[in-house]
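Asker: give me a model of this one.
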Amino acid sequence: MEPSSAGEARRSKHSDGDSAFENVPRAPDIPVYAVIAAYGEDRSPVKLNLSFGVYRTEDGKPHLLNVVKQAEQLLLDDLWGLPARNIFLLLDCHNSIN
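Answerer: Below you'll find the model as predicted:
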């Protein structure tokens, strides 16, 4: 079954039988995924990843705005008395979580 429009169901090229989802209409594309795909395909050495708002330094490390650092520090101080060192805390970073 070949789709006649983008809104009709598509079969996976890897499918070797009937799919329970073959008659489900394809959802519209999500614009941010197009940005991610374009970033991945861009071969420019000076490209910028503008997809999810993650700012990076020249050496590719995450860059947090000062206001974000201050807010993070206030939250960590208030919750656990921890210094802000990471973008995300790991689940095993503090004994109160385990």
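
Asker: quick one: the helices in the chain?
Answerer: Along the chain, counting by DSSP state H, helices occupy 31-41, 66-79.

Asker: relative to Ala20, which of those helices is closest?
Answerer: helix 31-41 (24.0 Å; Cβ to Cβ). Quick note: C-beta positions are derived from backbone N, CA and C, even for glycine.

Asker: buried residues in stretch 18-38?
Answerer: For stretch 18-38, the neighbour count (16 or more other Cβ atoms under 10 Å) marks no residue as buried.

Asker: may I have it exported as PDB, CA atoms only?
Answerer: What follows is stretch 18-38 as a C-alpha-only set of coordinates in PDB (Å, rounded to 0.1, in the frame of the first residue of the first chain):
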ATOM      1  CA  ASP A  18       0.600  -6.400   8.400                       C
ATOM      2  CA  SER A  19       0.900  -3.700  11.000                       C
ATOM      3  CA  ALA A  20      -1.700  -2.900  13.600                       C
ATOM      4  CA  PHE A  21      -0.900   0.800  12.800                       C
ATOM      5  CA  GLU A  22      -1.000   0.700   9.000                       C
ATOM      6  CA  ASN A  23      -4.300   2.600   8.900                       C
ATOM      7  CA  VAL A  24      -3.400   5.100  11.500                       C
ATOM      8  CA  PRO A  25      -2.900   8.600   9.900                       C
ATOM      9  CA  ARG A  26       0.600  10.000  10.200                       C
ATOM     10  CA  ALA A  27       0.800  12.800  12.700                       C
ATOM     11  CA  PRO A  28       2.100  16.200  11.500                       C
ATOM     12  CA  ASP A  29       5.900  16.700  11.700                       C
ATOM     13  CA  ILE A  30       7.100  18.500  14.800                       C
ATOM     14  CA  PRO A  31       9.100  21.700  13.700                       C
ATOM     15  CA  VAL A  32      11.900  21.400  16.300                       C
ATOM     16  CA  TYR A  33      12.700  17.900  14.900                       C
ATOM     17  CA  ALA A  34      13.300  19.500  11.500                       C
ATOM     18  CA  VAL A  35      15.800  21.900  13.200                       C
ATOM     19  CA  ILE A  36      17.600  18.900  14.800                       C
ATOM     20  CA  ALA A  37      17.700  17.100  11.500                       C
ATOM     21  CA  ALA A  38      19.000  20.200   9.700                       C
END
